[in-house]
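**Q** need a structure here:
(2 chains)
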Amino acid sequence: MKRIHSSLLWLFLSLLVSSGLTAQTTYQMVTKKVERSFSYRDGYEVNIEGEKAEVVIETWNRNEVQVIIELSAKHPDQRRAETDLKAMQYQSERVKNQIYIRNYLSVPEGARKPESLFDTRYTIRLPKDCPVYLKNHYGVARVSNLANRLRVNSAFTKLGLDNIQGLIDVRTRFGDLEGSHLDGTVTINSRRSNIILREIKGQYDISAQYGILEIFADQDLIDLKIDAENSDVSLYNSKLGLFTYNIQAQESDLRLPNELEFRLFEEGVGIKRATFKPEQEYSANITITIRFGELRLQKQ
Amino acid sequence: MLEEKNRSTLQRALRQLPEHEPEASVWESISQELKEAEREAGLRQSLPHLSTYTPPDLVWENIVSELELEEEKQEAKIRPLFPRTALTAAATIALLLAGLAWLLLPDSNNTRVTIIKREVRLPDTQMVRDWDKDEPAFETVRTQFVEHPLLRSHPKMQRLNQELEELNAAKAEIETVMDSYGRDADLINRIGQIERERSDVLKRMVALN
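**A** I've put the predicted structure just below:
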């Protein structure tokens, strides 16, 4: 009897602790899954506008664009979730050379305001040469293996780019960008976003405010230009001495590697300049302007 | 030069031919058709001035699915009805229409929609909304430091104030999204991040004093 009491006490205590730690509610989730394909021709562009969406863009060998949209509404009452889901609209159509895909909330006038939690998930499969324009706010996006042109406009979004070649243009606000194996002409404009770039090649023009930038480049970097304000920039490379550096820092900390003999100048109150040129005749340029931040160059 | 033979015989024969008056209904019908043609010409002139409307996606989907159903029904009894020339003409017209459709219409022939229902357990986020608790502190700092006659012209204070305003706008933006899409854990995390940055700015404002 004593053992039963003690077991019940343990059960009660465990329930109490687990409910306190993970207060959870059971939701009825209703998902509308839309699958659609478009035949692909050269000159087409896929244009995605996601709101509160998770976007996954992948490539495949087929000459078509496959679009899977999953619109979800979650509510403790299933009927309410079903009704609310009707307010979640989508568009998926081709108009001339543009394949438009988007989601949005539209509550008819006079209709009851939705109470559900809404989510959208896009899975897009397309040929690697297909240009893509992605606008995503308040969500997540993962793009991989594209080889032509990618333009991204994101806000409050975690953006992951992997193995992308060609023209890459990213604008991010209040988001995070993690890119790896990028190769091409890359332009990044970021505000209040953290950026991590790994194993990058090609030409880069990065403008950043209020963020942390970590760049791991290899010797195939052709040109790197960074204009950073109120940001911390770290550049890692296994062969730092292969590049020509031109650094200007205003009210910022400079942490330069001892093994490279930088020439340092004071250009004004709180303005420093650091330059370095390697012995070989031709070398890639790294130009960094930083204001109110910190710059660190470090051997990888 | 050709000479006309039996001219008088021909003229006599022509004169002997019977004359027929058309019935009144024939003239009425011609007059009706002329009026119809006039009306159509008027309509054609007005056509370019009419507004154009793109039908909703669903309409095309329904048309295509109905056509597919019709095709399926007819598949078993296909037999040649037209001569080859007519078929060629029809095929040409169909190609032209398909080209026109490629230019103007969305591909809507392969959409599949399924509804999935399941139960999920999620963190209870509906009760969480405590981020405005410290707004009085922000207000105090604003009145005491940002609007302070000596501090407000300080460049650092001005920059910090701009930062705070940007963060306030970001917070309001996320609250609007929460209002529409629901207050889920991801959005609460984002508000938390913005609140941490706002707190940091607030502390730096106070430290300027």
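**Q** and residue B:159, how many neighbours?
**A** For residue B:159, the neighbour count with other Cβ atoms under 10 Å in any protein chain shown is 14. All C-beta spots, glycine's among them, are computed from the backbone N, C-alpha and C.
**Q** So for stretch A:94-101, mean pLDDT?
**A** The average pLDDT for stretch A:94-101 rounds to 95.
**Q** Residue A:253 and residue A:291 touch, don't they?
**A** No: under the contact definition of Cβ atoms under 8 Å, residue A:253 does not touch residue A:291, with a separation of 11.9 Å.
**Q** More neighbours: which of these two?
**A** Neighbour count, other Cβ under 10 Å: between residue A:253 and residue A:291, residue A:291 has more, with 17 against 12.
**Q** check contacts around that one.
**A** Taking Cβ atoms under 8 Å, 6 or more residues apart in numbering or on different chains as the criterion, residue A:291 is in contact with A:228, A:229, A:230, A:249, A:250, A:251, A:252.
**Q** now the strands: where do they sit in chain B?
**A** B:112-123 (DSSP state E).
**Q** Longest helix in it, please.
**A** In chain B, assigned by DSSP state H, the helix with the most residues is helix B:155-181.
**Q** And that one, what does it pack against?
**A** strand A:117-126, helix B:185-207 (3 or more Cβ pairs under 8 Å, 6 or more residues apart in numbering or on different chains; DSSP states H and E).
**Q** and the angle from that helix to strand A:117-126?
**A** Relative orientation of helix B:155-181 and strand A:117-126, computed by axes from the mean of the first three to the mean of the last three Cα atoms, to 10 degrees: 90 degrees.
**Q** so where is chain B shaky, pLDDT-wise?
**A** Residue ranges of chain B with pLDDT under 70: B:1-5, B:46-87, B:91, B:94-109, B:126-127.
**Q** switch to 80 and redo it
**A** B:1-27, B:30, B:37-109, B:124-129, B:145-147, B:149-150, B:208-209 (pLDDT under 80).
**Q** residues in it within reach of chain A, list them.
**A** Within chain B, the positions near chain A by Cβ under 8 Å from any Cβ of the partner chain are B:57, B:103, B:106-108, B:110-124, B:126, B:163, B:166, B:170, B:173-174, B:177, B:180-184, B:186-187, B:190, B:194, B:197.
**Q** Which of those are buried, as a PyMOL select command?
**A** Restricted to buried positions by 16 or more other Cβ atoms under 10 Å in any protein chain shown, the PyMOL selection for the residues of chain B next to chain A reads:
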select buried, chain B and resi 57+106+107+108+111+163+166+170+173+174+177+181+182+183+184+186+187+190+194+197
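**Q** can you give me the angle the longest helix of chain B makes with helix B:185-207?
**A** If you take the same axes, to 10 degrees, helix B:155-181 sits at 160 degrees to helix B:185-207.
**Q** on that earlier part again, include distance to residue B:21 when you put the helices and strands packed on helix B:155-181 into TSV, please.
**A** As requested, the helices and strands packed on helix B:155-181 are exported to TSV (distance: least, Cβ to Cβ, whole Å):
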stretch	distance to residue B:21
strand A:117-126	75
helix B:185-207	88
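**Q** Just tell me which of these ends up closest to residue B:36.
**A** Residue B:36 lies closest to strand A:117-126 among those, at 52.1 Å (Cβ to Cβ).
**Q** Please see if the strand ranked longest in chain A touches chain B.
**A** The strand spanning the most residues in chain A, taking DSSP E as the definition, is strand A:212-229. No: for strand A:212-229, no contact with chain B is found by Cβ under 8 Å from any Cβ; the gap never falls below 10.4 Å.
**Q** helices or strands up against that strand?
**A** When contacts are defined as 3+ Cβ pairs under 8 Å, 6+ apart, strand A:212-229 sits against strand A:194-209, strand A:232-237, strand A:285-291.
**Q** Just want the angle from it to strand A:285-291.
**A** Going by the same axes, to 10 degrees, strand A:212-229 makes 80 degrees with strand A:285-291.
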